[in-house]
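> How does the following fold in three dimensions:
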Amino acid sequence: MDNLPSILTPDPGLLLWMFLAFVVVLGVLAKFGFPVIIRMVEERKNYIDDSLRKAHEASERLENIKQEGESILQEAREKQADILKEAAGTRDAIVEKAQEKAREESARIISEARIQIESEKQNAVREIRSQVAELSVQIAEKILKEKLSTDDKQMELVNRLLDEVSSENKKG
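This next block holds a predicted model:
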């Protein structure tokens, strides 16, 4: 076995020094290196966990905001519908009131017009009667003037009228 290369069969003194160097490096790493590395890994893990938690919270907040937005939008739609219903009701009430006032006003105007027409009709009838009476008197006057132009005709008319009046008194 003597012909094996020295790398495969190390010298026991070399092994001891290699072992001691390994233990010293391991000790230095264990005392100074591993705690720093572990602390950095923990910090990184905590940072990632914190980022994930914040992302989850942001996602929840975004979902809540979406729900609030939808509820606000739904509420706004309901209010809009209520306002439109109220406006339609108010419009209908105003239209109905205006129509009622128009009916009352038209009835009042028609009533006043009927009264005025009746009054004018009565005035016209009176005026026509007055004119007819005046014309009748004028016609009678002309007829009497023509018939009673002489004294004999006047006496004859007076006698005849007296006879008529006396015959009516006898009948009555």
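> tally of neighbours for residue 141?
10 (other CB atoms under 10 Å). The C-beta positions use only the backbone N, C-alpha and C, and glycine is treated the same way.
> and the helix or strand of the chain with the lowest mean pLDDT, how far from the chain's centre?
Ranked by mean pLDDT, DSSP states H and E, the helix or strand of the chain with the weakest confidence is helix 151-171, at a mean of 79. How far helix 151-171 lies from its chain's middle: 92 Å, per CA atoms, centre = their mean, to the nearest Å.
> State the distance spanning the first to the last residue of stretch 29-36.
Start and end residues of stretch 29-36 are separated by 10 Å (CA to CA, to the nearest Å).
> to the chain's geometric centre, what's the distance from that stretch?
The chain centroid and the centroid of stretch 29-36 are separated by 77 Å, computed with CA atoms, centre = their mean.
> again, but for stretch 23-31
Using CA atoms, centre = their mean, the mean C-alpha position of stretch 23-31 is found 84 Å from that of the whole chain.
> again with stretch 46-60
That offset, for stretch 46-60, works out to 47 Å (CA atoms, centre = their mean).
> Tell me how many other residues surround residue 85.
Residues near residue 85, counting by other CB under 10 Å: 10.
> Now it: phi and psi?
Residue 85 adopts backbone torsions of phi -60, psi -50, taken as degrees, to the nearest 10.
> and residue 10, helix, strand or coil?
Under DSSP: H, G, I helix; E, B strand; the rest coil, residue 10 falls in the coil class.
> Show the model's pLDDT score for it.
We have a pLDDT of 72 for residue 10.
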